[in-house]
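> got a structure for you, letters missing:
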Ligand SMILES: Nc1ncnc2c1ncn2[C@@H]1O[C@H](COP(=O)(O)OP(=O)(O)OP(=O)(O)O)[C@@H](O)[C@H]1O
């Protein structure tokens, strides 16, 4: 598979404090990548660097282009949702569709209208009158109607209720995704996206702390649920993290022989969110 994004030693600091700290990243075409990290981890700065919206040191190629130098050409093939507040509040929805149609060569107005027809967003409403959820749906309809090779979503569902969030990701997968496109979603709501991802990238303090295809998590990580005497024995085996469960501990291991763990309790693959908490607590401790 070809890599859509290739970064080597990417670095961006603000007032001497690194926000993106020597990041190496390869994203293959056709991936749905979750960029997952706590507040201030550097996700937005990394995405802005990928889009050529902020300069960064190091080597970077997105769709074969240098994002800052070839920003205009890159944006013809990239679509992105940043903060929904960027939509002009005074415009009517239909005027906004006209405006995007005039601005973006790959925008399909009829397709955007089809997406909007399934929502409560009426063409005659002003953007400023829409609820937060409707605004996100409008934004999503706009970006999904752009025939882009790379879609970048920065916290796309922030502030939305659970119904809207579910619908958002469902629509994204059903109506937008195909193997020709790559989607990069930044979020800290891990549970919501873990079912749709092909790759997870954990970021903390400007660094990538984990970058794996989801299918590989199963072979690399095990979560052991153990109780009683087994807990002390399980804790003596080097692990990534642990948490209390009813009557015992859930302990996550990386690259440990399974035969060491199976006598101690139930083994399973950790959820992305539990792995995230385990990995990040370790980063904080070390
Ligand atoms: N324009 C800026 N000027 C100064 N500092 C900045 C700027 N943009 C980001 N930072 C700093 O860089 C660090 C990373 O911020 P960034 O917004 O990239 O994190 P994030 O992972 O997107 O966080 P969140 O999940 O809270 O949105 C933070 O410490 C932030 O204060």
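Looks like it came in fine. Fair warning: this is a prediction, and the values are worked out from it, not measured in the lab.

> alpha carbons only for contacts and neighbour counts from here, please
Fine.

> which helices and strands does the lowest-mean-pLDDT helix or strand in the chain pack with?
Using mean pLDDT, DSSP states H and E, the weakest-scoring helix or strand in the chain turns out to be helix 272-285, at a mean of 77. Other elements packing on helix 272-285 under the criterion 3 or more Cα pairs under 8 Å, 6 or more residues apart in numbering; DSSP states H and E are helix 190-193, strand 241-245.

> one more time with 6 Å
The contact analysis (3 or more Cα pairs under 6 Å, 6 or more residues apart in numbering; DSSP states H and E) places helix 272-285 against no helix or strand.

> Make 24 the starting number, not 1.
Right, with 24 as the first residue, what we last looked at is helix 295-308.

> Quick check: buried residues in that helix?
Residues of helix 295-308 classed as buried by neighbour count (16 or more other Cα atoms under 10 Å): 295, 296, 297, 298, 299, 300, 301, 302, 303.

> Of these, just say which sits nearest to the ligand.
Checking the buried residues of helix 295-308 against the ligand with Cα to the nearest ligand atom, the nearest one is residue 303 at 13.4 Å.

> Name the nearest residue to the closest one, ignoring sequence neighbours.
Nearest residue to residue 303, sequence neighbours excluded (Cα to Cα, 6 or more residues apart in numbering): residue 227, at 7.3 Å.

> what's the answer for residue 60, then?
Closest to residue 60 by Cα to Cα, 6+ apart is residue 226, at 4.8 Å.

> circling back to that earlier point, format the buried residues of helix 295-308 as a markdown table; extra columns: distance to residue 181.
As requested, these are exported to a markdown table (distance: Cα to Cα, whole Å):
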| residue | distance to residue 181 |
| --- | --- |
| 295 | 19 |
| 296 | 18 |
| 297 | 21 |
| 298 | 22 |
| 299 | 19 |
| 300 | 20 |
| 301 | 24 |
| 302 | 24 |
| 303 | 22 |
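
> about what we covered before: if the residue nearest to residue 60 is in a bridge, with which residues?
Residue 226 has these beta-bridge partners by DSSP bridges: residue 231.
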